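S.K.: Quick one, structure for this:
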Amino acid sequence: MEKSSLHFNLLGTSFSIAADEEISYLESLLNRYRIILENTRKSTGLDEPLKLAILTGFLLCDEIEKMKTQEIREGREVEQLTLNMIARIDEVIPGENFPADE
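M.R.: Below is the predicted model of the structure:
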């Protein structure tokens, strides 16, 4: 895949990044960062670029960790539902228990 480049001005600095991603993906990341940055600015009243950048990065890390925790929780719920369904099927359908694969 060809590298995509994105140039932007943010928090008083200007730079370009290149990544093995579609430009639309990079732009969506930048837009998400800008939204969180603006929300951080409004909720804290901070106006110092470095502090805003650090706090915004921290909040984005928090968002990622919460999503991972939710995925783990949902995975466990799906596993438990599956086991419950198997147990109910075993109760309803008489038959032989099949040996586990060796």
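
S.K.: mind listing the helices for the protein?
M.R.: 23-44, 49-92 (DSSP state H).

S.K.: Let me know which of these is tucked in deepest.
M.R.: helix 23-44 (a mean of 13; mean count of other CB atoms under 10 Å). C-beta coordinates here come from the backbone N, C-alpha and C atoms, glycine included.

S.K.: re earlier: reformat the helices of the chain as a markdown table; add mean pLDDT and distance to F15.
M.R.: A markdown table is the format used below for those (pLDDT from 0 to 100; distance: least, CB to CB, whole Å):
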| stretch | mean pLDDT | distance to F15 |
| --- | --- | --- |
| helix 23-44 | 92 | 12 |
| helix 49-92 | 86 | 12 |
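
S.K.: now for those helices, which one comes closest to H7?
M.R.: helix 23-44 (10.2 Å; CB to CB).
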